[in-house]
Structures are given as structure tokens and as C-alpha cells.
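> Just a sequence and a predicted model for now, questions to come.
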Amino acid sequence: MSKEVAELSFVNPDYLNTKNSLDKIGPGMCLAKWTQVTIHLQMGQTHSCHHPSTHHIPTTELKRNPSALHNTKHKKLRRKEMLEGKRPSECEYCWNVEDASEQFSDRVFKSNESWSKPYYEEIANLGWREDYNPKYVEVAFSNVCNFKCSYCGPSFSSKWVEESKKHGAYPTTERFNDLGPLIKEGKMPIHHKEHNPYVEAFWKWWPDLYRDLHTFRITGGEPLLSKDTWKILDYIIEEPNPNKNLNLAINSNLGIPDDLVDKFIEKIQRIEDEGRVNEFIIFTSVDGWGKQAEYIRHGLEFNRFWDNMNKILTKCPRVNVTIMSTFNALSVPSYYSLVNGVYQLKKDYTSTDRYWTSAVFLDTSYLRYPRHQTIQVLPKYWAEDIFHVAQYVDYLGIPKFDNRLVGYSDVEIQKIKRSYDWMKAFIPEQQLKKQRYNFGKYFKAHDERRNTDFCKTFPELGDFYKECLEIEL
Ligand code: SF4
């Protein structure tokens, strides 16, 4: 960072100090390469952080050391580069940010987190060959899932594997969800009923890992359909000396059978009542309202999903729910209703007894892939609708000048505004034409394979869809 920028008053001094400390070791130094990991046990892949592509975990390394789920030779060599003043090419996400502007990259933000910063000295004095227990861990045990959301794929959904095996790739120019490349790259998920050496290694490592964890998040697939998720909950419940600093987060589509929802609630209550974690957050997903939301996330029964959220928030008075909303072209017509629905939940359940006062957080992130389903494919006049939703969320924001706690936070508002800005970005005409062509091809095949009806479900988008079907490349 240039001297001029360092001197500007709006530079957060905390970030600047962290950047200076990192740069003392080298311009590529980043604590997240040690402290954070996402492990896809269903595919035997790992990465630190989540920006670089995943890489394969050799089972030979696991035999000697189960922490090779994180401390692979590949990753150790990247750490060596960082400690020797180089910038690993796999971290180009950060180098692009740093080279294109004077802004801080995630290298600084992640190294400044409470799960990284306190470990600076320890890591700086560690040799690159040493194993290191991460503090922020995300794990998927399997891809078993009862949903096959329109933008998802076989790596994360067993239902998608079944469909792709039966029907092959979708007839888009990119051959959406073709199994061929996954097979070729050795990334086909291991079936959840087969022996999985990565899961076996995880359980060998877990007792040691658990002690050091700051945050542990289980993703999937649908984690509540995986026996390993239940094993984690039972471990935490039965542990005589629990890690009370742990922030536990579990993803769920909340579309699982009722008995599993009830069992989940019981486990959360035990953990909450006995103060076995620092906080417990459930991450769930919905991208629109009613039938339109059901079309986007195939397998979702909207009313049951909403009832389950209410049930959990009623019966678990401390827990928080984050709704990860993948804002895509099909979200736009009903997003206003979703914003209203979430606001009602906030009104009903916000309480200072919860780990975080606001019971529910709407985390809107616009979809980037597959490109044919992004908001950018829509005719530009739809941007007006997104603008109105953003204005409305702003109106429902937490009041700045009184003590009421209910409402949308700045982050929730900004993320919807960001979607509006992104929608308006310029796309070359040929690219847009291809994306719209693929939109038509994809949803036509979707209706044929899944017995759905696009025009009936999205009458607002019917004319646009028909125009897409007419496009020839
Ligand atoms: S340098 Fe950037 S991409 Fe690499 S691990 Fe750190 S935050 Fe992630």
C-alpha cells in the first residue's frame, strides 16, 4: 500500500497494522493458509482458503497423518512460498485485488480475523514443513441430498448425480452438469454408503482438531442426512470437557423428514442449555417465495420449510438462522415477498437472549455460475424491480436513531444493492445472446426432465423465456 493511501483517514488502522505485519514476512504472506480450511470429504479435495481451486488429498499422506486433510504437501509448498517472500499463483484472487487497486485483499481481512490474528507469532516461527491445526474449518461429509437445486450440481447433490446419470448433460453450450469432466478430474463424489478414507481420517483427527477450533461449519449435501453430522452433535453433547469457545454452524435445507427436524431441535436444546458452544447458527437457503422458490430449489416444499424455521426459532431461543439466498434470474419476481417474510421473522424472534440479537439474517449473494441463470440474463427493465426491492429493504432497515433492534442491517441492505449494481454491468452482446440461448435450452430440458412448467410458475418471465427459445447461435 502506498504511503499516500496509508495516510488517508479512512484506512482502518487495524487492517493496516495486519498488512504491515504480514509484509514483514513477505508480500504473499497470509495466515489463512494455515488457519482456515474447507474440506470436501466426499471428493477427497481441500483448499485454504476457499478462493484457490481445490486440490486432491493423497490417501498415502493420510495414512501417515490424518491432519493431511489440511496439511497436504501441496499446501505446505504454498506456505513455503509465502514464508520465503513469494506469492503463490493459486492465490491470484488476492493478487488481482492488490495489483489493480490500493485496496486490502482477503489476505489482510482473513489474517485480521479473530481466528487468525492471535496466531501470527506462532505461525511466523513455524517451519513450512510443520503440521498446523486450523481454527476455522468447513467440512462436507458427503453429497447426499434430497434436493437438486437448479444452479447446483453432482458434486454437492446425490439427486443431481442420479439425474445426470439418467439424462446426461443439459443441452447448453457448456453441457451443464456433465459427469464426464468430474470423472476425468477424479472429482466424482464417493457414494455415501461406500467406505470413504477421507471421512475415516477425519474421525482420527477430530479429537485433536476439536480442542483448537474457533469455528466449525458442516456443509454438504444435506448435512442432516449424513450420519457423521449426528456423530459430531453427539460428540459435543457427550464431551465431559467441551470446547466452549466453539462457534458451531450447520447448513440445512430444512426439507428433511419431520422426525429429523425434531431430533435436530432436541440436540440443539441440549447444546444450548448446557452452554456447550459459544454460538450455534443454522445456515439455510431460499431464493424466492412460494411456488417460484420451489421451482428454483427442486425438492423444496416452501410452507413446510417456513414452518420448520418457525419451529426451530420458537423451540431454540438462543439459536440464529442465516438464510443464504442465491439471488438469480428466477428470484426477481418474488423477492419482495421474501423480504417481507424475513422481516416478519425478525419481528417475531429478535431477542437479546440469542447468540446474535437479530434472530434471522438474510444473506443475499448474486449467482455467478451457471451464467445462464444469473440476473444479468434478464432484460434490463428488471433492474428497476431489483432497485425497488433494495429501496424497500432500506426502508425496513434498523432505525438509526432509536433503540429498536428489529430490521435489516446495513450488510443485508448493501448485499441487495450490490446485486442491483451487478445486474446493470455491461455484458458483450454475443455473450448475452449465448447466456439467453442457454437459459431457454436449460429450462426447456428442466421442464421435460422434471415435469415442471416454467411459464405457469413464472408468468412474469414467460415472454422473455419464449424469446430465449427462439434464439439461434
Ligand atoms: S492469499 Fe488470499 S486466496 Fe490465498 S489463502 Fe489468503 S485469502 Fe485466500
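Right, received. Where do you want to start? Numbering: from 1, shown residues only.

> what's near enough to touch whatever residue of the stretch 151-300 of the chain ends up closest to the ligand?
Nearest to the ligand in the stretch 151-300 of the chain, going by C-beta to the nearest ligand atom, is Thr215, at a distance of 15.7 Å. C-beta coordinates here come from the backbone N, C-alpha and C atoms, glycine included. Residues near Thr215 by C-beta atoms under 8 Å, 6 or more residues apart in numbering: Trp115, Lys135, Tyr136, Val137, Leu246, Asn247, Leu248, Ala249.

> And what about the residue positioned nearest the centre of the chain, helix, strand or coil?
Centroid-nearest residue in the chain, with C-alpha atoms, centre = their mean: Met324, separated by 7.4 Å. The three-state assignment at Met324 reads strand, by DSSP: H, G, I helix; E, B strand; the rest coil.

> Who is it paired with across the strands?
Ser285, Asp363 (DSSP bridges).

> so it touches Ile281, yeah?
No: assessed by C-beta atoms under 8 Å, Met324 is found out of contact with Ile281, at 11.2 Å.

> With adjacent residues omitted, what lies nearest to Leu126?
Among residues not flanking Leu126 along the chain, Tyr132 sits closest, at 6.6 Å (C-beta to C-beta, 6 or more residues apart in numbering).

> quick one: secondary structure of that neighbour?
Classification of Tyr132 by three-state DSSP places it in coil.

> any idea how far Trp34 is from it?
5 Å (C-beta to C-beta, to the nearest Å).

> quick one, which of the two is more surrounded?
Using other C-beta atoms under 10 Å, the more surrounded residue of Tyr132 and Trp34 is Trp34, with 25 against 20.

> Can you tell me how far the more buried one is from Cys94?
15 Å.

> tell me the average confidence for the strand or helix carrying Cys94?
Element membership for Cys94, per DSSP states H and E: helix 92-100. Taken as a whole, helix 92-100 has a mean pLDDT of 91.

> What are the contacting residues of that helix?
Residues outside helix 92-100 that contact it (C-beta under 8 Å, 6+ apart): Gly28, Cys30, His51, Pro52, Arg87, Gln103, Phe104, Ser105, Asp106, Arg107.

> among these, which ones are buried?
Gly28, Cys30, His51, Pro52, Arg87, Phe104, Ser105, Asp106, Arg107 (16 or more other C-beta atoms under 10 Å).

> re the thing from before, which neighbours do Tyr132 and Trp34 share?
Common neighbours of Tyr132 and Trp34 (C-beta under 8 Å, 6+ apart) are Ile123, Leu126.

> Dump the contacts of helix 92-100 into CSV; add pLDDT and distance to Phe439 as well.
Below are these laid out as CSV (pLDDT from 0 to 100; distance: C-beta to C-beta, whole Å):
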residue, pLDDT, distance to Phe439
Gly28, 98, 40
Cys30, 98, 38
His51, 94, 28
Pro52, 96, 30
Arg87, 98, 38
Gln103, 84, 33
Phe104, 90, 36
Ser105, 92, 33
Asp106, 93, 31
Arg107, 96, 36
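
> So what's the residue count around Phe458?
22.

> and if you look at Leu338?
23.

> which residue packs closest to it, ignoring adjacent ones?
Trp289 (4.9 Å).

> OK, contacts around the one you found?
Phe302, Ser334, Tyr335, Ser337, Leu338, Gly341.

> can the residues you listed go into JSON lines with extra columns for pLDDT and distance to the ligand?
Formatted as JSON lines, those follow (pLDDT from 0 to 100; distance: C-beta to the nearest ligand atom, whole Å):
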{"residue": "Phe302", "pLDDT": "98", "distance to the ligand": "36"}
{"residue": "Ser334", "pLDDT": "98", "distance to the ligand": "35"}
{"residue": "Tyr335", "pLDDT": "98", "distance to the ligand": "31"}
{"residue": "Ser337", "pLDDT": "98", "distance to the ligand": "36"}
{"residue": "Leu338", "pLDDT": "98", "distance to the ligand": "31"}
{"residue": "Gly341", "pLDDT": "98", "distance to the ligand": "35"}
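
> Taking those residues together, which two end up most distant?
Phe302 and Tyr335 (14.1 Å; C-beta to C-beta).

> Of the two, give the one with the bigger neighbour count.
Set side by side, Phe302 and Tyr335 show more neighbours around Tyr335, with 27 against 18, by other C-beta under 10 Å.

> In contact with the more buried one: list those residues for me.
Gly288, Trp289, Phe327, Asp385, Ile386, Val389.

> please redo it, this time with the cut-off set to 7 Å
Gly288, Val389 (C-beta atoms under 7 Å, 6 or more residues apart in numbering).

> Can you tell me the element it falls in?
Secondary-structure assignment from DSSP H and E places Tyr335 in helix 335-349.

> State which one residue of the stretch 351-473 of the chain is found closest to the ligand.
Arg368 (16.7 Å).

> what about Lys148, how many neighbours?
So Lys148, with other C-beta under 10 Å, has 23 neighbours.

> One more: Glu138?
Neighbours around Glu138, by other C-beta under 10 Å: 19.

> again, but for Leu225
21.

> for it, what are its contacts?
Taking C-beta under 7 Å, 6+ apart, one finds Val144, Cys145, Asn146, Ile256 in contact with Leu225.
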